[in-house]
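Engineer: here you go, sequence then predicted model.
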Amino acid sequence: MSDKIDYGSLMHGAMRLLIQNVLTDIKETGLPGAHHFFITFDTMHPGVEVADWLSDRYPEEMTIVIQHWFDDLVVTDEGFGITLNFGDNPESLYIPYESIKTFVDPSVEFGLRFETQEDDDDEAAIDDAIQDAPMEEMAEPSPPPKGEAEVVSLDKFRK
(Lines give C-alpha, C1' and ligand atoms only; values in the text may rest on other atoms or scores of the structure.)
Protein backbone atom coordinates (compact mmCIF):
# COMPACT_ATOMS: atom_id res chain seq x y z
CA MET A 1 0.00 0.00 0.00
CA SER A 2 1.28 3.45 -0.93
CA ASP A 3 1.84 6.14 1.68
CA LYS A 4 -0.20 8.70 -0.30
CA ILE A 5 -3.20 8.91 -2.60
CA ASP A 6 -2.21 9.16 -6.27
CA TYR A 7 -4.68 11.87 -7.28
CA GLY A 8 -3.00 12.31 -10.68
CA SER A 9 -3.66 8.71 -11.71
CA LEU A 10 -7.18 8.83 -10.32
CA MET A 11 -7.92 12.02 -12.27
CA HIS A 12 -6.51 10.58 -15.50
CA GLY A 13 -8.66 7.48 -15.05
CA ALA A 14 -11.76 9.64 -14.57
CA MET A 15 -10.89 11.74 -17.64
CA ARG A 16 -10.40 8.63 -19.77
CA LEU A 17 -13.74 7.26 -18.56
CA LEU A 18 -15.34 10.56 -19.60
CA ILE A 19 -13.90 10.14 -23.12
CA GLN A 20 -15.17 6.55 -23.22
CA ASN A 21 -18.67 7.66 -22.16
CA VAL A 22 -18.77 10.49 -24.73
CA LEU A 23 -17.66 8.16 -27.53
CA THR A 24 -20.20 5.53 -26.45
CA ASP A 25 -22.97 8.15 -26.69
CA ILE A 26 -21.72 9.26 -30.10
CA LYS A 27 -21.70 5.65 -31.31
CA GLU A 28 -25.32 5.24 -30.24
CA THR A 29 -26.81 8.62 -31.20
CA GLY A 30 -24.32 10.39 -33.48
CA LEU A 31 -22.72 13.80 -32.99
CA PRO A 32 -25.26 16.34 -31.76
CA GLY A 33 -25.33 19.91 -33.07
CA ALA A 34 -21.94 21.45 -33.79
CA HIS A 35 -19.98 19.08 -31.55
CA HIS A 36 -16.75 17.69 -32.98
CA PHE A 37 -13.53 16.41 -31.46
CA PHE A 38 -9.81 16.92 -31.92
CA ILE A 39 -7.97 13.99 -30.38
CA THR A 40 -4.18 14.02 -30.21
CA PHE A 41 -2.47 10.74 -29.38
CA ASP A 42 1.00 9.19 -29.19
CA THR A 43 1.45 7.15 -32.38
CA MET A 44 4.29 5.14 -30.77
CA HIS A 45 2.22 4.07 -27.75
CA PRO A 46 1.80 0.28 -27.45
CA GLY A 47 -1.56 -0.78 -28.80
CA VAL A 48 -2.01 2.09 -31.25
CA GLU A 49 -2.97 0.74 -34.67
CA VAL A 50 -2.64 3.06 -37.66
CA ALA A 51 -1.67 2.49 -41.29
CA ASP A 52 2.09 2.42 -41.89
CA TRP A 53 1.96 5.52 -44.09
CA LEU A 54 0.26 7.44 -41.26
CA SER A 55 2.78 6.36 -38.64
CA ASP A 56 5.59 7.26 -41.06
CA ARG A 57 4.06 10.69 -41.59
CA TYR A 58 3.31 11.20 -37.87
CA PRO A 59 6.08 9.33 -36.04
CA GLU A 60 5.45 10.88 -32.59
CA GLU A 61 1.89 12.15 -32.34
CA MET A 62 -1.13 12.62 -34.52
CA THR A 63 -4.33 14.64 -34.22
CA ILE A 64 -7.54 13.26 -35.66
CA VAL A 65 -10.83 15.09 -36.13
CA ILE A 66 -14.13 13.35 -35.54
CA GLN A 67 -16.73 15.53 -37.20
CA HIS A 68 -18.54 15.12 -40.52
CA TRP A 69 -17.64 11.63 -41.64
CA PHE A 70 -16.55 8.67 -39.57
CA ASP A 71 -17.51 5.02 -39.62
CA ASP A 72 -17.14 1.78 -37.69
CA LEU A 73 -16.81 3.43 -34.27
CA VAL A 74 -16.11 0.71 -31.72
CA VAL A 75 -15.71 1.70 -28.07
CA THR A 76 -14.10 -0.62 -25.52
CA ASP A 77 -12.84 -0.24 -21.96
CA GLU A 78 -9.26 0.09 -23.25
CA GLY A 79 -9.70 2.30 -26.31
CA PHE A 80 -11.67 2.93 -29.45
CA GLY A 81 -11.54 1.96 -33.09
CA ILE A 82 -12.74 4.21 -35.87
CA THR A 83 -12.52 4.58 -39.64
CA LEU A 84 -11.68 8.09 -40.84
CA ASN A 85 -11.19 9.60 -44.28
CA PHE A 86 -7.66 10.76 -45.16
CA GLY A 87 -7.73 12.41 -48.60
CA ASP A 88 -10.51 10.13 -49.90
CA ASN A 89 -8.74 7.10 -48.38
CA PRO A 90 -10.69 5.50 -45.53
CA GLU A 91 -8.30 4.20 -42.86
CA SER A 92 -9.07 2.23 -39.73
CA LEU A 93 -7.39 3.26 -36.49
CA TYR A 94 -7.35 1.90 -32.96
CA ILE A 95 -6.46 4.33 -30.21
CA PRO A 96 -6.00 3.19 -26.60
CA TYR A 97 -7.18 5.78 -24.08
CA GLU A 98 -3.72 5.61 -22.47
CA SER A 99 -2.20 7.02 -25.69
CA ILE A 100 -4.40 10.13 -25.74
CA LYS A 101 -2.61 13.40 -25.03
CA THR A 102 -5.48 15.83 -25.61
CA PHE A 103 -9.22 15.64 -26.20
CA VAL A 104 -10.92 18.87 -27.31
CA ASP A 105 -14.47 19.77 -28.30
CA PRO A 106 -14.07 23.34 -29.59
CA SER A 107 -17.81 23.78 -30.15
CA VAL A 108 -18.27 24.11 -26.38
CA GLU A 109 -14.71 25.15 -25.46
CA PHE A 110 -14.08 21.90 -23.60
CA GLY A 111 -10.70 20.23 -23.44
CA LEU A 112 -8.68 17.66 -21.54
CA ARG A 113 -4.89 17.45 -21.47
CA PHE A 114 -3.11 14.44 -20.07
CA GLU A 115 0.15 15.21 -18.29
CA THR A 116 3.32 13.55 -19.54
CA GLN A 117 5.94 11.89 -17.34
CA GLU A 118 8.00 15.11 -17.44
CA ASP A 119 4.99 17.06 -16.17
CA ASP A 120 4.50 14.43 -13.45
CA ASP A 121 8.10 15.08 -12.32
CA ASP A 122 7.23 18.78 -11.93
CA GLU A 123 4.17 17.81 -9.87
CA ALA A 124 6.36 15.56 -7.71
CA ALA A 125 8.71 18.49 -7.07
CA ILE A 126 5.72 20.61 -5.99
CA ASP A 127 4.47 17.77 -3.77
CA ASP A 128 7.94 17.52 -2.20
CA ALA A 129 8.02 21.28 -1.60
CA ILE A 130 4.62 21.14 0.10
CA GLN A 131 5.71 18.21 2.27
CA ASP A 132 8.92 20.05 3.21
CA ALA A 133 7.12 23.29 4.15
CA PRO A 134 6.80 23.87 7.90
CA MET A 135 3.28 23.35 9.18
CA GLU A 136 3.13 26.97 10.39
CA GLU A 137 3.44 28.20 6.78
CA MET A 138 0.58 25.98 5.65
CA ALA A 139 -1.77 26.86 8.53
CA GLU A 140 -4.47 29.48 8.12
CA PRO A 141 -3.44 32.96 9.25
CA SER A 142 -4.36 33.80 12.81
CA PRO A 143 -7.15 36.33 13.37
CA PRO A 144 -6.13 39.93 13.98
CA PRO A 145 -5.59 40.92 17.61
CA LYS A 146 -8.67 42.22 19.43
CA GLY A 147 -9.23 45.92 19.17
CA GLU A 148 -7.92 46.13 15.59
CA ALA A 149 -11.10 44.98 13.84
CA GLU A 150 -12.94 47.46 11.66
CA VAL A 151 -16.71 47.71 11.96
CA VAL A 152 -18.51 48.38 8.70
CA SER A 153 -22.11 49.59 8.65
CA LEU A 154 -24.26 47.96 6.01
CA ASP A 155 -26.64 50.95 6.01
CA LYS A 156 -24.51 52.84 3.47
CA PHE A 157 -24.96 49.96 0.96
CA ARG A 158 -28.77 49.78 1.23
CA LYS A 159 -31.00 51.51 -1.29
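Structural biologist: Now that the structure is in, tell me what you want to look at.

Engineer: now do the helices in the protein.
Structural biologist: 7-29, 52-57, 117-132, 135-138 (DSSP state H).

Engineer: might you list the low-confidence residue ranges for this structure?
Structural biologist: Applying pLDDT under 70 to the chain flags residues 1, 116-159.

Engineer: middle-most residue in it, spatially?
Structural biologist: Centroid-nearest residue in the chain: Leu112, 2.8 Å away (criterion: C-alpha atoms, centre = their mean).

Engineer: mind listing what the residue nearest to that residue when sequence neighbours are not counted touches?
Structural biologist: In space, Leu112 comes closest to Phe103 once its chain neighbours are excluded; the distance is 4.5 Å by C-beta to C-beta, 6 or more residues apart in numbering. All C-beta atoms are positioned from the backbone trio N, CA, C, and that covers glycine. Each residue near Phe103 by C-beta atoms under 8 Å, 6 or more residues apart in numbering is listed here: 15, 19, 37-39, 111-112.

Engineer: likewise for Asn85?
Structural biologist: 69, 91.

Engineer: what distance do you get for it to Ile66?
Structural biologist: Applying C-beta to C-beta, to the nearest Å, the value for Asn85 to Ile66 is 11 Å.

Engineer: so what's Gly47 up against?
Structural biologist: Taking C-beta under 8 Å, 6+ apart, one finds 78-79, 94, 96, 98-99 in contact with Gly47.

Engineer: gap between the residue nearest to the centre of the chain and Glu49?
Structural biologist: Distance from Leu112 to Glu49, by C-beta to C-beta: 22 Å.

Engineer: got it, and Met62?
Structural biologist: With C-beta to C-beta as the criterion, Met62 and Glu49 are 12 Å apart.

Engineer: over to Met15?
Structural biologist: 22 Å.

Engineer: mind checking which of the two has more residues around it?
Structural biologist: Taking other C-beta atoms under 10 Å, Met15 and Glu49 do not tie; Met15 has more neighbours (16 against 12).

Engineer: which ones are touching the nearest residue to that one once chain neighbours are set aside?
Structural biologist: In this structure, Met15 finds its nearest non-sequential neighbour in Leu112, 5.0 Å apart by C-beta to C-beta, 6+ apart. By C-beta under 8 Å, 6+ apart, the residues touching Leu112 are 15, 18-19, 102-104.
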